[in-house]
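>>> predicted model and sequence follow; I will ask about them next.
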Amino acid sequence: MKIAAYLKSDISKGGGFNQSLNDLQRLIRICNKNQIEIVLYTIKKNLNIAKELNLNVRIYKINITDLMKAYFNTTVISFLIGPILNLFPNFEKKLKKNSIDLVYFLSPNILQLSLLELNFITTIWDLGHKSAPYLKEMRNKSTNFLREWLYSHSLSNAYKIITDCDETSNQIEKYYNVYQNNLLSVPFSKNPFFTSKLVKNHSLRLPKKYYLYPAQFWTHKNHHLIIRALKYLDGNDIKIIFTGNDQGNLHYINKSIKKYKLDNKIINLGFVDNDSLAKLYKNCFAVIMPSLIGPTNIPPIEAWYFKKPILYPSQFKSFTKQGAIYFDYFREDELAGAILKIENISYYKKKVKDGTQRLKELNKEINLKTKKLEKFIMEYQKVKFLG
């Protein structure tokens, strides 16, 4: 059997890209163990990283024919248009020429809709457009429409769907009429670039004590709650470092920082490389993650990896369980209280211990779910011989 994996994002996408790499490495281990050939299709920006994985790598950029196939495959006239479009270069045609049997999309992708003959596995990390439609990025009609269009027309046709947690799987089953046995939840993992060697290589000058929030500047990342909490704690010497690219909300955050006169307490480093991010984790006092979308997110896992406490929304306790200090993601007074609580050294040590235990639980779950994914792939190897 021959599997194609498709990686569409690059390292500037942060956690999403890193999680795709984790999923890819998991797939590589399964394929190597079972002598299954794997080919990686990705964008040119990822060529150096892809080659380090010792894979057969092919560059593929979505073209107009792929988009047209994706559209017409959702209509009743696909059987008329399909043969015409197949006269031109397209993704499925290329895959079939390379004898691909199964496609694994490492993140949601419009190419899922362009496949008529080949089966695929896809990845869904959240249904934020359903759970938080009031957010600015979710109110964007084109984004919301495209997500809904893609999921509505492709998920029920997927061989398997990989999600981040049972909650997401249950939502997909509910909203998109997907058979439960076709869903597999696999917990997130830490940044695959975090190693002891990377932590030693850095050039950052940091405050002696600081809290860390590593997140892109989306509205749903809820940076403003931290700003209000610091204002609530006026008089306390609490400092926090933000990292991440602007996704449309940075201007508002910068204005709020100036409004509340917190320039001396909040440091925004922007997007940082993996060496620097590892350094930030290793030297921070604690990590704060007030995201409005969950329950799973990557910073809690990375905080536990570096043995740091994580302050996390009580709305997402199903993920972090005993491993976090909780607050309501709309209440700055609760976040302020959580910050003061973790300043107690004995409580601090307890939450570090609790986090370490929670990470062990998740790693055990990942191992079990990896075996289940392997079983799905081996079952498909049998299916393909049916004709």
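It's in.
>>> can you report how many residues lie near the residue lying closest to Glu365 once chain neighbours are set aside?
Nearest non-adjacent residue to Glu365, counting by C-beta to C-beta, 6 or more residues apart in numbering: Pro187, 5.6 Å away. C-betas here are computed from N, CA, C, even on glycine. Per other C-beta atoms under 10 Å, the neighbour tally for Pro187 reads 18.
>>> the strands in the stretch 1-150 of the chain, which residues?
All strands of the stretch 1-150 of the chain, identified by DSSP state E, counting those that start in this stretch, fall at 2-7, 37-42, 56-59, 102-105, 119-124.
>>> now mean pLDDT and distance to Ser156 too, for those, in CSV please.
Output for the strands of the stretch 1-150 of the chain, formatted as CSV (pLDDT from 0 to 100; distance: least, C-beta to C-beta, whole Å):
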stretch, mean pLDDT, distance to Ser156
strand 2-7, 95, 20
strand 37-42, 94, 24
strand 56-59, 89, 29
strand 102-105, 97, 15
strand 119-124, 96, 11
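>>> winner for burial among these?
Of all the strands of the stretch 1-150 of the chain, strand 102-105 has the most neighbours on average by mean count of other C-beta atoms under 10 Å, namely a mean of 24.
>>> please compute how far that one lies from its chain's middle.
Distance of strand 102-105 from its chain centroid, counting by C-alpha atoms, centre = their mean, to the nearest Å, is 18 Å.
>>> how far off strand 119-124 does the helix or strand hosting Lys353 point, in degrees?
Lys353 is located in helix 345-383, with elements delineated by DSSP states H and E. Angle, helix 345-383 to strand 119-124, by axes from the mean of the first three to the mean of the last three C-alpha atoms, to 10 degrees: 170 degrees.
>>> what average pLDDT does helix 345-383 get?
In this model, helix 345-383 has an average pLDDT of 95.
>>> burial check on Tyr134, number of neighbours?
By the measure other C-beta under 10 Å, the count of residues near Tyr134 is 9.
>>> cool, and the one 5 residues further on?
By other C-beta under 10 Å, the residues close to Arg139 number 12.
>>> okay, the closest residue to it other than its chain neighbours and Thr219: tell me how far apart.
Closest residue to Arg139 apart from its sequence neighbours, by C-beta to C-beta, 6+ apart: Pro133 at 7.1 Å. For Pro133, the distance to Thr219 (C-beta to C-beta, to the nearest Å) stands at 12 Å.
>>> tell me which of the two has more neighbours.
Set side by side, Pro133 and Thr219 show more neighbours around Thr219, with 20 against 10, by other C-beta under 10 Å.
>>> before we move on, the earlier item: quick check, the residue nearest to Glu365 in contact with Glu361.
No - applying C-beta atoms under 8 Å, one finds Pro187 not in contact with Glu361, separated by 9.2 Å.
>>> after the helix or strand bottoming out on mean pLDDT in the chain, which helix or strand is next? Please name it.
Sorted by mean pLDDT, DSSP states H and E, the helices and strands of the chain end with helix 196-200, the least confident at a mean of 53. Beyond helix 196-200 in the direction of the C-terminus, DSSP H and E gives the next helix or strand as strand 211-214.
>>> just checking, what packs against that following strand?
Judged by 3 or more C-beta pairs under 8 Å, 6 or more residues apart in numbering; DSSP states H and E, strand 211-214 is in contact with strand 240-243, helix 274-283, strand 286-288, helix 298-305.
>>> quick one: low-confidence parts of the protein?
Applying pLDDT under 70 to the chain flags the ranges 12-13, 140-142, 195-204, 385-387.
>>> cutoff 80 now
Where the chain drops to pLDDT under 80, the residues are 9-15, 48-54, 76, 78-80, 82, 138-144, 195-205, 235, 383-387.
>>> domain parsing of it, as residue ranges.
What the record gives for the chain is the domain set 2-189+363-386, 196-360, from automatic domain parsing.
>>> most packed of those domains?
Sort the domains of the chain by mean neighbour count, taking mean count of other C-beta under 10 Å, and domain 196-360 sits at the top with a mean of 19.
>>> distance of the closest residue to Ile100 other than its chain neighbours relative to Asp10?
Leaving aside its sequence neighbours, Ile100 sits nearest to Ala4 (C-beta to C-beta, 6+ apart; 4.5 Å). The gap separating Ala4 from Asp10 is 19 Å, by C-beta to C-beta.
>>> for Glu167, same thing?
Applying C-beta to C-beta, one obtains 28 Å for the distance of Glu167 from Asp10.
>>> correct me if wrong: Met1 contacts Val39.
No - proximity of Met1 to Val39 does not meet the contact threshold set by C-beta under 8 Å, at 11.7 Å.
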